[in-house]
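Student: predicted model and sequence below, questions to follow.
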Amino acid sequence: AALDAGADAVVALGVIIRGGTPHFEFVSDAATSGLTQVAILTGKPVGFGVLTLEDEQQGLDRAGLPGSKEDKGAEAAEAALATAVVIRGLAG
């Protein structure tokens, strides 16, 4: 909806935590495939900030919270925006 409304890019954020079934792989593959299709069909960048985790602590470590080691959401946003700038430059 955001891309159809004129947004130059979007960021998808989420977490998938591994459980004891193959469901983790199915959901991870579907998320990756679906977001890739959005980018292909719209021609606009989709920042992939969907974390695949073994446990909740890994998510906290990557969430950009005080004391976190990483900020994967910010990295996904930066990548989407940088790609949108390049696309605009090529179209200009």
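Tutor: Yep, it's here.

Student: residue contacts, residue 7?
Tutor: residue 44 (Cβ atoms under 8 Å, 6 or more residues apart in numbering). In short, each C-beta sits where N, CA and C put it, glycine included.

Student: residue 38 too?
Tutor: By Cβ under 8 Å, 6+ apart, residue 38 lies in contact with 3, 10, 46.

Student: do the same with residue 52
Tutor: Residue 52 neighbours (Cβ under 8 Å, 6+ apart): 15-16, 18, 24, 28.

Student: three-state assignment of the residue positioned nearest the centre of the chain?
Tutor: The centroid of the chain falls nearest to residue 48 when counting by Cα atoms, centre = their mean (1.7 Å). Residue 48 falls in the strand class when you classify it by DSSP: H, G, I helix; E, B strand; the rest coil.

Student: correct me if wrong, but residue 8 is in a strand.
Tutor: No. Looking at residue 8 with three-state DSSP, it is coil, so not inside a strand.

Student: what pLDDT does the spatially closest residue to it that is not a sequence neighbour get?
Tutor: Distances taken as Cβ to Cβ, 6 or more residues apart in numbering place residue 84 nearest to residue 8, at 4.2 Å, with adjacent residues excluded. Reported pLDDT at residue 84 in the predicted model: 97.
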